[in-house]
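# this is a predicted model, with the sequence first.
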Amino acid sequence: AQKVTQAQTEISVVEKEDVTLDCVYETRDTTYYLFWYKQPPSGELVFLIRRNSFDEQNEISGRYSWNFQKSTSSFNFTITASQVVDSAVYFCALSEAGYGGSQGNLIFGKGTKLSVKP
Amino acid sequence: GAVVSQHPSRVICKSGTSVKIECRSLDFQATTMFWYRQFPKKSLMLMATSNEGSKATYEQGVEKDKFLINHASLTLSTLTVTSAHPEDSSFYICSARDPTGTATGELFFGEGSRLTVL
């Protein structure tokens, strides 16, 4: 069965600190997709990244970076030099590949609430 | 700009009434849409998969007669909460799959609809 675990329920940091949000997943499929979404207080989900199971290259986008390790079934997300605007709930999600390689529905972790204090 | 739009963003209704939430794909034709429900401090839980021109597929534990889903066109899916009760109060989010796919992701989320049943 598919499962996504975000063990950190809440994290509080001071501005400019680096913070890593953990994500561990379970799946029997060899082809799958991993995602991170940001949900600010307004509620909408903001897409951050999608990674397929065959691409283990780490990715950096500005202050954001992602570490995908299939050996430990983890897809951790690091924010460098955090800012108050980073305060939000962050969700990790998993999707198994569907027909034609497209993704199926998403299985979400329970989210990690990040609070960045000035 | 938003590629999936939900309406209304907020709705308050009396117990026993029915509420309809719309989910529209703006830039593409979505053969499949997903409806999620988010409880306070909980993850997003998939309620049902909406397929254009056919009956929705509901997840285990979701009442079909309670949460009516209609996907009558390639750009519109609706979720109707029938005979709403206070326990139906929640944040409902839809997502739509762009069948053509993109480099950044194939699922797009609406802004969400917060339902409060008095």
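That came through, no problem. Residues are numbered from 1 along each chain as shown, chains lettered A, B, ... in the order given.
# helices or strands up against the least confident helix or strand in chain B by mean pLDDT?
Of all the helices and strands that make up chain B, strand B:107-109 has the lowest average by mean pLDDT, DSSP states H and E, namely a mean of 81. Strand B:107-109 sits against strand B:90-97, with contacts defined as 3 or more C-beta pairs under 8 Å, 6 or more residues apart in numbering or on different chains; DSSP states H and E. In this view, the C-beta of every residue, glycine as well, is placed from N, C-alpha and C.
# and stretch B:38-57 with chain A, contact?
Yes. Stretch B:38-57 lies within reach of chain A by C-beta under 8 Å from any C-beta of the partner chain, at B:Lys42, B:Ser43, B:Leu44, B:Met45, B:Leu46, B:Thr49.
# got a quick PyMOL command for the buried subset of those residues?
To isolate the buried members of the residues of stretch B:38-57 next to chain A in PyMOL, using 16 or more other C-beta atoms under 10 Å in any protein chain shown:
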select buried, chain B and resi 43+44+45+46+49
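# could you dump the residues of stretch B:38-57 next to chain A into a markdown table with distance to A:Val24, pLDDT and secondary structure added?
Output for the residues of stretch B:38-57 next to chain A, formatted as a markdown table (distance: C-beta to C-beta, whole Å; pLDDT from 0 to 100; DSSP: H, G, I helix; E, B strand; the rest coil):
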| residue | distance to A:Val24 | pLDDT | secondary structure |
| --- | --- | --- | --- |
| B:Lys42 | 18 | 73 | coil |
| B:Ser43 | 14 | 81 | coil |
| B:Leu44 | 18 | 86 | strand |
| B:Met45 | 19 | 88 | strand |
| B:Leu46 | 20 | 88 | strand |
| B:Thr49 | 26 | 88 | strand |
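# just the residues of stretch B:38-57 next to chain A now: which is nearest A:Ser71?
For the residues of stretch B:38-57 next to chain A, the residue nearest A:Ser71 by C-beta to C-beta is B:Ser43; the value is 25.2 Å.
# for that closest one, what are its contacts?
With contacts defined as C-beta atoms under 8 Å, 6 or more residues apart in numbering or on different chains, B:Ser43 is in contact with A:Phe91, A:Phe108, A:Gly109, A:Lys110, A:Gly111.
# based on its surroundings, how many neighbours for the fourth one?
Per other C-beta atoms under 10 Å in any protein chain shown, the neighbour tally for A:Lys110 reads 18.
# for chain B, see how far away it is.
Remark: distance between A:Lys110 and chain B (C-beta to the nearest C-beta, to the nearest Å) = 4 Å.
# for that residue, give me phi and psi.
Backbone torsions for A:Lys110, taken as degrees, to the nearest 10, come to phi -80, psi -10.
# for stretch B:55-74, the distance to its chain's centre please.
A distance of 9 Å separates the centroid of the chain from that of stretch B:55-74, by C-alpha atoms, centre = their mean, to the nearest Å.
# buried residues in that stretch?
B:Ala56, B:Thr57, B:Tyr58, B:Val62, B:Phe67, B:Leu68, B:Ile69, B:His71, B:Leu74.
# equivalent analysis for stretch A:41-58, please.
Buried, per 16+ other C-beta under 10 Å, within stretch A:41-58: A:Gly43, A:Glu44, A:Leu45, A:Leu48, A:Ile49, A:Arg50, A:Arg51, A:Ser53.
# list just the nearest of those residues to A:Thr31.
Using C-beta to C-beta, the shortest approach to A:Thr31 within the buried residues of stretch A:41-58 belongs to A:Ser53, at 5.6 Å.
# let me see the contact set for B:Ser25.
B:Val3, B:Val4, B:Met33, B:Leu74, B:Thr75, B:Leu76, B:Ala96, B:Asp98, B:Phe108.
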